[in-house]
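*Asks:* the following comprises the amino acid sequence and a computationally predicted model.
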Amino acid sequence: MIKLNELRQLYDHLSRNTPRNTPIIGLKKEGNRYYYRPLKSYDEWSSDVLLGNFSPKEVFFPQDEVLFYFKAQKLIESKEEIKPAVLWGVRPCDIAGIGELERMFNQIEYKDPYFMERFDKTLIVGMACTEPWPGCFCTSVEGSPYESKGADIFIYPIEDGYLIETPSKKGEAAIEGLDVEEVSDVSQLEADRRRAEDKIKKYNFEGIADKLKSMVDSNFWDWIHNPCIGCGTCAFVCPSCHCFDINDSSRGARGLRSRQWDSCLFEGYTLETSGHNPRPSGSQRWRQRLMHKFSYFPQVFGSYQCLGCGRCGRACPVNINIAEIAAKAVEWVEPQS
Amino acid sequence: MGKGAALVIGGGIAGIQAALDLSDGGIKVYLIDSKPTIGGVMAQLDKTFPTNDCSMCILSPKLVDTGRHMNVEIITNTELVGLEGSAGNFIAKLRKHARYIDIEACTACNLCAVHCPVSAIDSYNEGLSERRAAYISYPQSVPLAYAIDKDKCIGCGLCANICPPNAVRYNDKDQDTRIEVGAVISAPGFDEFHAALLSEYGYGRYPNVLTSIEFERLMSSSGPTAGHILRPSDGKEVGKVAWIQCVGSRDRHISRPYCSSVCCMYATKEAIIAAEHAPDMQKTIFYMDIRAYGKDFDKYIDRAKNQFGVRYVRGRVAKVTEDPETREVSLTYETDNGRLATEAFDMVVLSVGLEPPKSSEKLARALGIELDEYGFVKTSTFAPMLTSRYGVFVAGAASSPKDIPESVAQASGAAGVVQGLLGEARNTEVKVKHLPLERDVFTEPPRVGVFVCHCGINIGSVVNVPEVVAYAKTLPNVAFATENLYTCSSDTQEKIKEIIEQFRLNRVVVSACTPRTHEPLFQSTIREAGLNKYLFEMANIRDQDSWVHMHEPEKATEKAKDLVRMAVAKASRLKALPNIELPVTKRALVIGGGVAGMTAAKTIAQAGFETVLVEKSDHLGGNLRHLTKTLVGEDAQAFLAELIAQVSEDPNITIFKETEVSEVEGFVGSFKTTLSNGEIVEHGATIIATGAVEYQPKPDEYLSSDPQVIHQRELEHSLANGDFKARTVVMIQCVGSRNTEHPYCSRVCCTDAVKNALTIKERFLDTEVIIMFRDLRTYGLKELAYEKAREKGVIFLRFDQGSEPVVERKDGKLSVRIMDELIGREVEFSPDLIALSTGIVAEKESNKILAQLYKVPLNEDGFFLEAHMKLRPVDFATDGVYLCGLAHAPKFTDEAIAQASATAARALLILNKDKIEAEGKIAVVNERTCIGCGYCVEVCSYGAIELEEKRVLGYEKKIAVVNAALCKGCGGCAASCRSNSIDLAGFTNLDLVSAFEQLMWEEDDIMGCCGV
Amino acid sequence: MEKDPRILAFLCNWCSYAGADLAGTSRIQYPTTLRVLRVPCSARVNPQFILKALQEGADGVLVSGCHPGDCHYLEGNYYAHRKFAAMRDLLEYVGLEKGRVRFSWVSAAEGGKFAEVVKEVTDGVKQVKDTTQFLKKRDWPVE
Amino acid sequence: MTDAIREEARKILSDGKVDFVIGYAEGDTPIQAKPVFISRVEDVDKLVWPSFGLINLANYLLRYKTRNTRIGIVAKGCDTRSIVALLKENQIDRERLFIIGVNCPGMLSRQVAREKAGEIISAENKGETWSFTTVEGKKEVSCFDLMPSNCAACRHHAPVISDVVVGDPITEPEGDGYDSVREFEKKSAPERYQYLMSEMSACIRCYACRQACPTCNCDECFVDITQPRWVDKGLDKTDLAIWQLIRTYHQAGRCVDCGACEEACPKGIKLLWLTRKMNLIVKERFGFEAGVDPEALPPLATYEKDDTQEFIL
């Protein structure tokens, strides 16, 4: 690990030592919201904001992405060339989210070239959360505000500066030439981590995967669905939701195929051409949502598909909090009818 | 019971109309024509007035209908030689002349004509071109088969050798046959006056003097010059052309004293069309009176003058000479002020009159009917279609010169009378059509066939048709594209059917004229080819392209491509729609108890159907109550009394007086009309015969409130009562007609004035009668009365609009001053009686109410507007509602009676059926997405949508349900539905959006889109 | 050949389409800009068509029906008018350039008026500075 | 107010008049209320009269369209107008409803708070003001300043229909509340168009606006229809603009200006800017206000022969 007094040093180093026009993407205020956007300068970075209103997933997995163009029978690759980028100042939960996406898009049989090219070409600069926000619950889903896993470079803010870790080779290479001292004593980080973790509300999700499996026909789903209005906000702000819909748009012989984010809570999510919908009710759609994140995903990949960032709860127009719901599921006792 | 069949003589428009109305009404028809094809003169015309419709275009669908009607047997080259028996049971003796080609075998491949070494004069082109001895009259001929002109044939055998189906029969002989029929309608039409008889006009000597019908062929795209107006002498473009009117009309010296009724209008039409062909051409019409007495005719004349620069010169042409060098023709004529003037023209057109066909006497002998001294079939005012022999009827120009709509109305009228006559024998001899099963194309990808029409040169001369065809082939889903000279011709229908079969087409696009006239024809063609008729779409590249962009061929071609692209896009989306059958209430409602209404009611009742007659006043009779005698002296009141008695006593007729229509529900086949007396009438057809009223002059108009200023109608009464007394009578014409307020001619006033003037002159020899007129419009045989009036010393003084006579009281005496053009100064009369010839005006307000109730339109003058001015004179666009009498336009009693019978014939077409096929383009509900919000229910003006509980995809819910019988297919519901849960079949959101989305495609979007 | 503006016209079958045909039978010449889609009634025209057409590249849109009271379907044009009024006002509010979306009543007897309407609408569209408002730009690669 | 609501709810639940009551409860995150469904008398105390209650609870009635449930609902003035609109469109039976109408003095808005204070981490009510901890520090904003534009423009504070009304009647303010529309109209056409495009291009098509709206009640929204595809998928600017324009058009005579759509938008798009104009159009052209007169026909489902047709050639 190395120590910096000013984070700007690292920023400047990265901007100098990457190919020309490599964007450094960090949280930036637009209107009255915060998004991951290319920063024009270090000063544009909203360093005090832990979480953008939207997650960094759109850096790798844009909401609306052209897969290819076609003319008559001929295919033309998407014209957009994917260039290297630096993702700056991402928090551990979002990094974990990127990791979940990578698991999805980088399977042995099926690799998503669009995602993977962006993923491979992006240098992820993570940052620990010294002051977690209300609504954060990463510690309940096996995360930590000080978790550097998944980052190429990871920043630990300390009292008089910053400690910089490079968990990956890519990160190591990136900071090469940064003329600063190497520090060996990083013991204070452990205390910092505990302090930060203690600030986070802890939920008990123990045994949730199995519990949910037993609740397929439960009234629980009606209970969650009741207030839900079925919009796509939660899925769209979620760092790990990755469902998408593929659409063709054509004009005569010319056209394109593209994909857009989808949400499992949309009524048309599973609607079939015939008009049949295997999940016609909101309760069934909620069951899918929760089971996917807390049951199927853990079964297949061994981890929750929820990283505890709490964005969905903050953004939900009717204030549905997935952590509360998951915790409720664990305690759920089927009412006597 | 008599025979359920009828004989129709003559295959012109009148004969065709009579045949169609009879056969659709359940009567088997034998249609005979002495020529090898039907079509008559209308097939030779380029355009028709006043709509300038392409004549062939509007005739062709009827030709096709007749040609393939299973209950019309067309017998060509045939004449009637005798008629035995009596009404109900005639035996007609026919002589079928040898054609020398077997109609059944001939495929119209044209090889016989190609190889025939003999030339003959082409009579279809009026001798302006030649044809072979083996020939076909015109490309749209029905039946489509060749014939051999035996007079010219040299028997060389070339055609027989070459004919692939061996259809040539050199030894063909005339054959005599006998057919049994219940009635006969004779519609042999007319001949043109032979212009050479008037040698002073130089016809036959000067090559650049043509007859009007020759000129018609010259303008026609199918004519000898393909529509270019070229001088016969040298083939040069014509710069200056003159029409001479009344050649063979209004001319006692050559025994044609009658007016031919149509020449003023056709000359104007020819001038307008000529102007379209060659905008710089100077056009002059030399005339005596402009007889624009028909509906909207005066507007047409105004357009000719103002928009097309047609010059009208009043004056008789005295001399015609030719410059032997330049071949120009000089006309010497008398001008308004009596001076002589001479003017040279490149071409002179003689507006030849109409006269009875040369065969008329022979035909009359065979039929056993009487003719008048000129050879026209004798009829009476009150039975205008009946000849002197009961059971034999006449239609068209055979009884007097007349134009197309009147011929059509008479033909339908004759059909109506025959329907009544044959009564229960109807439906005994007709066959029922069996269509092939519809092919199920649901699972097939669209394979569109595109047929681009040249429409002669109507489209082809502006739009680059081959380019459009080539373009169509590049469009997605297009499996076939071709061009046709006339897509509507009967051979093309066969071709389309073959191509559908051959290329497995499942959608058809015709790019031609307007779907408003031609869609039904093409729909039935594709139906006969086994396709659902809704798998059809048209692109209008004539009325809305070539005709309106005549000077921008490139842009018109681009537009045509766009329109075709849109049509193909829409066609590709079309789906087969189910055929819905609706029940028929076998009862008619007739609104109006005048002579028209009563005639209609009587005719329908005679055919065996209940009829309800509604009259708003407390008496029947209408305007005829004010007429004492007709021009030829028939007693109007005796006729009226008899008609009222017949109608009142007929058990099939229910009469409601002092009653009006207050509410209307339903549609063709099942109307439900609520009357003001609370009575609810359920009926299948409606006839509007509400009449019109006399114009009431404003108090200051010609001093009309003065007791000595009376109306023509009052004059007739006083003459009948015997209280007429006057030494000098001035009659003023066009009171309330042909002015800004009422821009149309009231048609009857000139004849009325002449009639009353003659009565005065007969009884009061010394009484001076002065008729002040603008154009004396005693058309047809009425001209004879005008001639007589002049002989008797009635003074006729002409005035123009704007210099009307001035009527004043001077020292207690009436004074009328008028500008006499002949002597060039004002003259003054001091009559003791002034008779105003007041016009006929529509009852605008009450017509408007009725129009809205029955969803039919009015014209600008407040008269009801028929579906088509030429060929559907008594129909409305709305099915099941018909129109006759003064409600349509000013007219004479005989014309109203003919129209009334015609409406009866049309109504009987509905009443005769047990079920009618409803429109398939109706609203459909997507039950899955409908949430039953009820907006569609609110916006439906027909109450066709209701909300009902239904089980959909396992859930009970309230959704919209459409009543197919009530839905009219307006689509208001579809556009009001937020979730597209209700849509309009045939015009779905997808159909329309696809069409206009593809409109916006650029070339790059299309290229590479291969056909199927 | 100068490129014409392309104006999509929805004409009701009974009045305006017939009026357009009448302009044809009367040979009244008018600009070549119009592309007609026949609909049964002006009430069939969903105002959404207008937006969609502008988005696809129509320079202008004309919707024409029967005069008030003349509707073949009794009152379709009255309903149509309300829909058009709402959409029209909304489009004006969001700054759609004037002259691109027009409405007219033309009867079956008004061939002359139809030609006049086409002229006026064409002139209106020609005066529009930017007919790419609402146009969906498709910058798709050529090859 | 909270007590009054609880009392009424308790009454109808214990009388068995309704199966459950839909009302507001305190939210889990700052300045947010959440809807609750109370079916047991003992849960009634969860009900509150919230400060930030822009959610239109009438939205939830749509779910019970085909069920025979008897529902109690806490409804603000605008919510009752939505209920009227839904009744007119046959989306709910009046007999199955018990409406606890509230004379609503107006709500506060999260969106406005975010605009005024910034990204809020925590909040505290201090009577007439709210104190916010934001990423940019502490900020205090008066309640008045937190009122959303629709509540400021509201002229129908009192319930239109109800079975019982709680809260004191409120005097309706002067004016018709459409000043913002008229102000915007003063801008030039290009400026207006620019605004449309920049505002709408922020849309991410989460459809929160539609889902929050009781009158966006189609089973299949036009935006999801594929034949024809009214609005292409993806984030093309024109598609986004058309999506909201058509949604607004569909709201003609149906939008009650409750502000639920705008409050729900995760991007803070000014949706009422459009819908309020549509409300003004139907008011000025057709003399209609949504949900105010239970007897009146929806403006686009009726007509007057003398509707002004000034724009028609």
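*Replies:* All right, it came through fine. Numbering: from 1, shown residues only, chains lettered A, B, ... in the order given.

*Asks:* end to end, how far does stretch B:161-176 reach?
*Replies:* 29 Å (CA to CA, to the nearest Å).

*Asks:* which other residues reach it?
*Replies:* B:81, B:93-102, B:105-107, B:109, B:111-112, B:115, B:134, B:145-146, B:148, B:155, B:157, B:159-160 (CB atoms under 8 Å, 6 or more residues apart in numbering or on different chains). Bear in mind the C-beta positions are built from the backbone N, C-alpha and C, glycine included.

*Asks:* kindly report the same for stretch A:35-44.
*Replies:* So stretch A:35-44 is contacted by A:7-8, A:11-12, A:23-28, A:30, A:45, A:52-56, A:58-59, A:85, A:87-88, A:90 (CB under 8 Å, 6+ apart).

*Asks:* and with 7 Å instead?
*Replies:* Under the contact criterion CB atoms under 7 Å, 6 or more residues apart in numbering or on different chains, stretch A:35-44 has outside partners A:8, A:11, A:23-28, A:30, A:45, A:52-54, A:56, A:58-59, A:88.

*Asks:* please apply the same query to stretch D:300-313.
*Replies:* B:935, B:938-939, B:976, C:68, C:75, C:78-79, C:81-83, C:86, C:88, C:102-105, C:117, C:120, D:252-253.

*Asks:* in helices only, show me those residues.
*Replies:* Counted as lying in helices by DSSP state H, out of those, are B:935, B:938-939, B:976, C:78-79, C:81-83, C:86, C:88, C:117, C:120.

*Asks:* which one of the residues you listed sits closest to residue D:102?
*Replies:* Distance ranking of the ones in helices among the contacts of stretch D:300-313 against residue D:102, using CB to CB, places residue B:935 first at 29.9 Å.

*Asks:* got the residues of chain B near chain D?
*Replies:* B:929, B:931-935, B:938-939, B:947, B:955-958, B:976, B:978-980, B:989-990, B:993-994 (CB under 7 Å from any CB of the partner chain).

*Asks:* which stretches of the stretch 1-150 of chain D form helices?
*Replies:* D:2-14, D:77-88, D:110-117, D:149-153 (DSSP state H, counting those that start in this stretch).

*Asks:* could you redo the ones you listed as JSON lines and give each row mean pLDDT and mean neighbour count?
*Replies:* Formatted as JSON lines, the helices of the stretch 1-150 of chain D follow (pLDDT from 0 to 100; neighbours: other CB atoms under 10 Å in any protein chain shown):
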{"stretch": "helix D:2-14", "mean pLDDT": "93", "mean neighbour count": "18"}
{"stretch": "helix D:77-88", "mean pLDDT": "94", "mean neighbour count": "26"}
{"stretch": "helix D:110-117", "mean pLDDT": "92", "mean neighbour count": "22"}
{"stretch": "helix D:149-153", "mean pLDDT": "93", "mean neighbour count": "21"}
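
*Asks:* out of those helices, nearest to chain A?
*Replies:* Smallest distance to chain A across the helices of the stretch 1-150 of chain D (CB to the nearest CB): 5.1 Å, for helix D:110-117.

*Asks:* what's the pLDDT at the residue nearest to residue A:239 when sequence neighbours are not counted?
*Replies:* Nearest non-adjacent residue to residue A:239, counting by CB to CB, 6 or more residues apart in numbering or on different chains: residue A:97, 2.7 Å away. Residue A:97 carries a pLDDT value of 95.

*Asks:* again, but for residue C:55
*Replies:* Reported pLDDT for residue C:55: 94.

*Asks:* and residue 61, what does it touch?
*Replies:* Since you didn't name a chain, this refers to chain A. A:101, A:115, A:242.

*Asks:* look at chain C instead
*Replies:* Residue C:61 neighbours (CB under 7 Å, 6+ apart): C:7, C:8, C:50, C:53, C:54, C:100, C:101.

*Asks:* note down every partner strand of the helix or strand of chain B with the lowest mean pLDDT and its orientation.
*Replies:* Least confident element among the helices and strands of chain B, by mean pLDDT, DSSP states H and E: strand B:53-54 (a mean of 70). Here strand B:53-54 is paired, per DSSP bridges, with strand B:47-48 (antiparallel).

*Asks:* now the partner strand, how far from the chain's geometric center?
*Replies:* Distance of strand B:47-48 from its chain centroid, counting by CA atoms, centre = their mean, to the nearest Å, is 10 Å.

*Asks:* what does it contact?
*Replies:* Residues contacting strand B:47-48 (CB under 7 Å, 6+ apart): B:53, B:54, B:55, B:269, B:273, B:404, B:870.

*Asks:* switch the cut-off to 8 Å
*Replies:* Strand B:47-48 has contacts (CB under 8 Å, 6+ apart) with B:42, B:53, B:54, B:55, B:58, B:219, B:269, B:273, B:404, B:870.

*Asks:* closest to chain D among these?
*Replies:* residue B:53 (27.2 Å).

*Asks:* pLDDT weak spots in the stretch 551-700 of chain B?
*Replies:* By pLDDT under 70, the stretch 551-700 of chain B has no low-scoring segment.

*Asks:* mind listing the strands for it?
*Replies:* B:580-583, B:587-591, B:610-614, B:653-656, B:661-667, B:670-675, B:680-683, B:685-688, B:693-694 (DSSP state E, counting those that start in this stretch).

*Asks:* not counting residues beside it along the chain, what's closest to the residue nearest in space to the middle of chain D?
*Replies:* Nearest to the geometric centre of chain D sits residue D:258, at 2.6 Å (CA atoms, centre = their mean). Sequence neighbours aside, residue D:78 is the residue nearest to residue D:258 in space, at 3.8 Å (criterion: CB to CB, 6+ apart).

*Asks:* against chain D, how distant is the residue of chain C with the smallest separation from chain A?
*Replies:* At 4.6 Å from chain A, residue C:141 is the closest residue in chain C, using CB to the nearest CB. Using CB to the nearest CB, to the nearest Å, one gets 16 Å for the distance from residue C:141 to chain D.

*Asks:* isn't that residue up against residue A:80?
*Replies:* No - Residue C:141 is beyond contact range of residue A:80, at 9.9 Å (criterion: CB atoms under 8 Å).

*Asks:* tell me which element the residue of the stretch 101-250 of chain A found nearest chain C is part of?
*Replies:* The nearest approach of the stretch 101-250 of chain A to chain C comes at residue A:249, 8.4 Å away (CB to the nearest CB). Secondary-structure assignment from DSSP states H and E places residue A:249 in strand A:244-251.

*Asks:* after that strand, which helix or strand is next?
*Replies:* strand A:254-261.

*Asks:* how about the strands in the stretch 401-550 of chain B?
*Replies:* B:448-453, B:478-484, B:507-512, B:536-540.

*Asks:* list the neighbouring strands of the first one plus their orientation.
*Replies:* Taking DSSP bridges as the criterion, strand B:448-453 forms sheet pairs with strand B:478-484 (parallel), strand B:507-512 (parallel).

*Asks:* now these in JSON lines, with mean neighbour count and mean pLDDT?
*Replies:* As requested, the strands paired with strand B:448-453 are exported to JSON lines (neighbours: other CB atoms under 10 Å in any protein chain shown; pLDDT from 0 to 100):
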{"stretch": "strand B:478-484", "mean neighbour count": "21", "mean pLDDT": "93"}
{"stretch": "strand B:507-512", "mean neighbour count": "29", "mean pLDDT": "96"}
